[in-house]
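K.L.:
Below is the structure, and that's it, no one-letter string:
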């Protein structure tokens, strides 16, 4: 065949060349899946949308969502160079620690990207102080309770709205994610005040209501005087003092039996405001051993024994006996004084001479007869 270089031959040769050369189609691997979530912090009951996107890719990849090994969202959409799969669900208890994965696949290029949502799933963050008031004595220990639900990443404690430096003070312990409650050892009066527990998960921060800690010195009750000797018909005050701590109750005992102050009109005091016991119109039967007892709700402290020993004023002595005597005769004079306590000492005087050895007591309180021989 005569081939001439006219336009027809040129076209034929070009056509043959194109038919003999195999077609080449460029293939581009897709980018790694990129996952986004509609919420960073997920709580049970929330509605969450997970979006997985893969860029480029020739041919376009398939993009699917898996929960564990179960395919849960196979439908994806490609627009331009973006392939997207969106999965929406409501978080429940079964999603706690669940693993969600977005997997992309092409005929010649495979890739898997995992996205774990479990760190964000769980109960809502809440901080609660089950008890809002504590009372403790100095040198003791106390634990201020703090309860945290949900997942906390840090625990903080505040006193009077000032952050406590827990780690740098061995006076404190606890206040951690594992043990959110605060323990205070070797309590001092300066530890009293208002406290609050705070927890954060990096997104939310919750704080408890204020917790009041009242610190008291140990209860101490003393009797500055342990012996009282009032005269009958007078008044006496048995002194009882609270020298440390705060008493919430005061009781008095006589000879190991509790005294009921309100039932005896001669008694007064014996209360938290006035712990000393006042006895009016003292009588001999009031004598005995007394104890003042104070309590603060946790401990009871007693004074040492207080002795009350009333004294009775004797009456004017009366001397009865003969007005005249005969030399060498025996005569008896009786000297009587009543109401004395303790036993009184009587003496008889004849002229300037006292006679005491001859006295004999017939009755402790009534009379002392004397026999004198002249």
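P.N.:
Perfect, thanks for sending it. In this text the structure is predicted, and so the values were computed from the model without any measurement. Numbering: from 1, shown residues only.

K.L.:
can you map out the helices along the chain?
P.N.:
7-20 (DSSP state H).

K.L.:
Lowest mean pLDDT among the helices and strands, pick that one out for it.
P.N.:
Using mean pLDDT, DSSP states H and E, the weakest-scoring helix or strand in the chain turns out to be helix 7-20, at a mean of 39.

K.L.:
burial count for the nearest residue to residue 321 once chain neighbours are set aside?
P.N.:
In space, and not counting its chain neighbours, residue 321 is closest to residue 333: 3.0 Å by C-beta to C-beta, 6 or more residues apart in numbering. The C-beta positions use only the backbone N, C-alpha and C, and glycine is treated the same way. Per other C-beta atoms under 10 Å, the neighbour tally for residue 333 reads 16.

K.L.:
Residue 333 is in contact with residue 320, isn't it?
P.N.:
Yes: counting by C-beta atoms under 8 Å, residue 320 is a contact partner of residue 333 at 6.8 Å.

K.L.:
so what's residue 281 up against?
P.N.:
In this structure, residue 281 makes contact with 233, 234, 235, 266, judged by C-beta atoms under 8 Å, 6 or more residues apart in numbering.

K.L.:
Same list, those residues, but as JSON lines with neighbour count, distance to residue 59 and pLDDT please.
P.N.:
Converted to JSON lines, those look like this (neighbours: other C-beta atoms under 10 Å; distance: C-beta to C-beta, whole Å; pLDDT from 0 to 100):
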{"residue": "233", "neighbour count": "12", "distance to residue 59": "120", "pLDDT": "93"}
{"residue": "234", "neighbour count": "13", "distance to residue 59": "117", "pLDDT": "96"}
{"residue": "235", "neighbour count": "12", "distance to residue 59": "112", "pLDDT": "98"}
{"residue": "266", "neighbour count": "13", "distance to residue 59": "110", "pLDDT": "97"}
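
K.L.:
Residue 71: neighbour count?
P.N.:
If we define neighbours as other C-beta under 10 Å, then residue 71 has 12 of them.

K.L.:
What does the pLDDT read for the closest residue to it other than its chain neighbours?
P.N.:
Once flanking residues are discounted, residue 71 sits nearest to residue 64: 5.9 Å by C-beta to C-beta, 6+ apart. On the pLDDT scale, residue 64 is placed at 88.

K.L.:
cool, the one 5 residues further on as well?
P.N.:
With respect to pLDDT, residue 69 has a value of 82.

K.L.:
Brilliant, that's me finished.
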